[in-house]
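J.: below are the sequence and a predicted model for it; my questions follow.
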Amino acid sequence: ESVFSVVIKKLLLSKISAILEQEDDAFELIRKFTHTYIEVLNNNPKIPFFILEEIHKNPGRLSRTFLQAGLPIEKVVNIINKTIEQGLIRPMDPRQILINLLSMCIFPLLGRNMMQPILFNHDAEAFEQFLESRKTEVADFIIHAIRAPHI
């Protein structure tokens, strides 16, 4: 097993998998996932770049690592579909929700070196506070965007 696979499984996928396994409420799943994903990546800032490098150099290994980690993606899709059927989420492809969630969480971490000087006047502490608030801001944004209009 490659160093990449071991690191990704230990630092990221095991934590994400635990959340996905134990949560059955779509909205709470979004909240817990967002909090944990941002926290793990912020505490391990090289992981997003490590993943990007693998996407570019060895996408097969990356997808195998994620698939072999046993992430319960089908369960998550089923939870979202069930919530759609209950009328709590507007009808949409659950994969849209997952991609939006992932990208909204990871981009500020990938773009830190660009965003911190431009948007935060080089203030590392302000950027850290921003990332901390992002744990709830992203979840709130996604939930408000997908929630059925009558709720």
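T.: Looks like it arrived, so ask away. Computed from a prediction, not measured in an experiment: that's the story for all the values here.
J.: list the buried ones in the longest helix seen in the chain?
T.: Secondary structure of the chain per DSSP state H: the longest helix is helix 124-146. Buried residues in helix 124-146, defined by neighbour count with 16 or more other CB atoms under 10 Å: 127, 130, 131, 134, 135, 138, 139, 141, 142, 143, 146. No exception for glycine: its C-beta is placed from N, CA and C like everyone else's.
J.: pretty sure residue 88 contacts residue 149?
T.: No: the criterion here is CB atoms under 8 Å, and residue 88 misses it with residue 149 at 11.0 Å.
J.: looking at these two, which is more packed in?
T.: residue 88 (16 against 5; other CB atoms under 10 Å).
J.: residues in contact with the closest residue to the more buried one other than its chain neighbours?
T.: Take residue 88 and drop its neighbours on the chain: the residue closest to it by CB to CB, 6 or more residues apart in numbering is residue 148, 5.7 Å away. Residue 148 makes contacts with 87, 88, 89, 90, as judged by CB atoms under 8 Å, 6 or more residues apart in numbering.
J.: dump those residues into a markdown table; add distance to residue 63 and pLDDT as well.
T.: What follows is the contacts of residue 148, written out as a markdown table (distance: CB to CB, whole Å; pLDDT from 0 to 100):
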| residue | distance to residue 63 | pLDDT |
| --- | --- | --- |
| 87 | 34 | 96 |
| 88 | 31 | 97 |
| 89 | 27 | 97 |
| 90 | 30 | 96 |
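J.: output the residues you listed as JSON lines; include the columns distance to residue 120 and secondary structure.
T.: Shown next, in JSON lines, are those (distance: CB to CB, whole Å; DSSP: H, G, I helix; E, B strand; the rest coil):
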{"residue": "87", "distance to residue 120": "41", "secondary structure": "coil"}
{"residue": "88", "distance to residue 120": "36", "secondary structure": "coil"}
{"residue": "89", "distance to residue 120": "34", "secondary structure": "strand"}
{"residue": "90", "distance to residue 120": "34", "secondary structure": "coil"}
